[in-house]
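> pasting the sequence and the predicted model now:
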Amino acid sequence: MAAQTPPSGGTTEGTRPARRDRTHFLYLAVIGAVLLGIVVGLAAPGFAVALKPLGTGFVNLIKMMISPVIFCTIVLGVGSVRKAAKVGAVGGLALGYFMVMSTVALAIGLLVGNLLDPGSGLHLTDALRHAGRAQTAGAHETTTDFLLGIIPTSLVSALTQGEVLQTLLVALLVGFGLQALGPAGEPVLRGIGHVQKLVFRVLSMIMWAAPVGAFGAMAAVVGATGLAALKSLAVIMAGFYATCLLFVVVVLGTLLRLVAGVNVFALLKYLGREFLLILSTSSSESALPRLIAKMEHLGVSRPVVGITVPTGYSFNLDGTAIYLTMASLFVAEAMDKPLSLGQQISLLVFMIIASKGAAGVTGAGLATLAGGLQSHRPELVDGVGLIVGIDRFMSEARALTNFAGNAVATVLIGTWTKEIDRDRAARVLSGHMPFDERTLTADGHGAPHDAGAAAPAGGGKTSVGA
């Protein structure tokens, strides 16, 4: 099955050798673009701010592809599984894991926030007070509104409006529908498989615009913020980055080693280009399609990847959870209204709910923080303005941690459900089965993880570890 995929990652016997992978030049260009953006932002702030549409445009191009990628991946995965209960088991296990890890992340944020005691000595101006109030407009209204928002206006609107959870719902319904059709649904599955190849090919073309997007995004944020805001708020920024790093390496790394036997540093290295893309755009959504493709290439079955990754992008936001508790303590201290232990625990419980559904895009964490404080401690909302200036920089750590958390979760869920090819994963992480950067697929001529795609014809079995 998957083990038969050629180690070259792009050739098969009897075919010409694959062209040399030149995509490493692309990511070197991204690094250069980020550095150039910082220089331009410091040297010509006014001009740099005007470059923001370049970054926004690139992120929008990536987001344009997210719904088609999720739809194809989930339909192919669910449609090729014979027993619907198996999909439900994967989804239930994933949601349970997400709830536990979000709670752990929130608790770690509270612990570190209490140790650092950030925010003391800062003063709130009228301008910052208004900035804090403005953020509440972008927050989720109620849990009911969030749940009703999962249901799209029509079957097609989920694919056109770019809502991840709406796309997830429609894809699951279509997948179960094709599953119920049996052999009659196999032509449709093959057709969607061809569409998926096209979608990933278009995505690989869009990626060549990454340096332009990275330059515009970094120049705009440095031009708008400068270095002044970083000086007085360096403590919480450093503490937040350190906390996120320790969470990924210690908490997630230990869990990954004990459960799956995978070294977290090897996994992070495998996803290095995705981390660079997130760092330059400050959006974990920009790497979502690539994460789906790379997890399938790693050896995790399509159903597990198709359910875990999209769901995790809305429910497994470890970085956002850490941010919410640390920022809440920071705001409370800065306003001389510290939270008691009981209030902190109450806030933790509230934030477990408030953090769900926060999109992995720039600014969502700030809006969620403001909305949570508005509902729980309204007198603290004004203090959100204190971190508006550095939220863009903290957004980098949030997005990177969220992405790492979802990558680890996919491997763990695959291990628990026995839906991962351990031998293939070892070869991929060791570099013996490189990912095809030209097609963003497991090999140069087929959809990611072709073993899963062929499952319907073989009786619906998708477990690559079976």
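That came through, no problem. Numbers count the residues shown, from 1 in each chain.
> Phe215 and Leu36 touch, don't they?
Yes - using C-beta atoms under 8 Å, Phe215 is in contact with Leu36, at 5.8 Å. Just so you know, the C-beta spots here come from the backbone N, C-alpha and C atoms, and that holds for glycine as well.
> for the two, indicate the residue with more neighbours.
When Phe215 and Leu36 are compared on other C-beta atoms under 10 Å, the one with more neighbours turns out to be Phe215, at 27 against 15.
> next SSE downstream of the helix or strand encompassing Gly414?
Element membership of Gly414, judged by DSSP states H and E, is helix 391-416. Using DSSP H and E, the next helix or strand after helix 391-416 towards the C-terminus is helix 422-429.
> just checking, what packs against that following helix?
Applying 3 or more C-beta pairs under 8 Å, 6 or more residues apart in numbering; DSSP states H and E, one finds that helix 422-429 contacts helix 264-270, helix 288-298.
> check these for me and report the most buried one.
Highest mean neighbour count of the helices and strands packed on helix 422-429: helix 288-298, a mean of 26 (counted as mean count of other C-beta atoms under 10 Å).
> mind listing what Leu279 touches?
Going by C-beta atoms under 8 Å, 6 or more residues apart in numbering, Leu279 touches Val34, Glu396, Leu400.
> go again using 7 Å as the cut-off
Listed by C-beta atoms under 7 Å, 6 or more residues apart in numbering, the contact set of Leu279 reads Glu396, Leu400.
> tell me the confidence at it?
Model confidence at Leu279, given as pLDDT, is 79.
> the host helix or strand of it to helix 391-416, inter-axis angle?
Using DSSP H and E, Leu279 maps to helix 272-281. Counting by axes from the mean of the first three to the mean of the last three C-alpha atoms, to 10 degrees, helix 272-281 lies at 150 degrees to helix 391-416.
> and helix 272-281 with helix 288-298, angle?
170 degrees.
> let's see helix 272-281 as CSV, backbone CA atoms only.
Output in CSV follows, covering the C-alpha atoms of helix 272-281 (Å, rounded to 0.1, in the frame of the first residue of the first chain):
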residue,chain,number,x,y,z
GLY,A,272,9.6,23.7,8.8
ARG,A,273,8.3,25.4,5.6
GLU,A,274,4.8,25.7,7.0
PHE,A,275,6.1,27.3,10.2
LEU,A,276,8.0,29.9,8.0
LEU,A,277,4.9,30.6,6.1
ILE,A,278,2.9,31.1,9.3
LEU,A,279,5.6,33.3,10.7
SER,A,280,5.5,35.6,7.7
THR,A,281,1.7,35.9,7.4
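> report the buried residues of it.
Arg273, Glu274, Phe275, Leu276, Leu277, Ile278, Leu279, Ser280, Thr281 (16 or more other C-beta atoms under 10 Å).
> surely the third one is in contact with Ala399?
No - Phe275 is not in contact with Ala399 according to C-beta atoms under 7 Å; the separation is 9.4 Å.
> of all the buried residues of helix 272-281, which comes closest to Asn263?
Here the nearest of those to Asn263, counting by C-beta to C-beta, is Phe275; it sits at 16.2 Å.
> distance of Leu256 relative to Glu396?
Per C-beta to C-beta, to the nearest Å, Leu256 is found 22 Å from Glu396.
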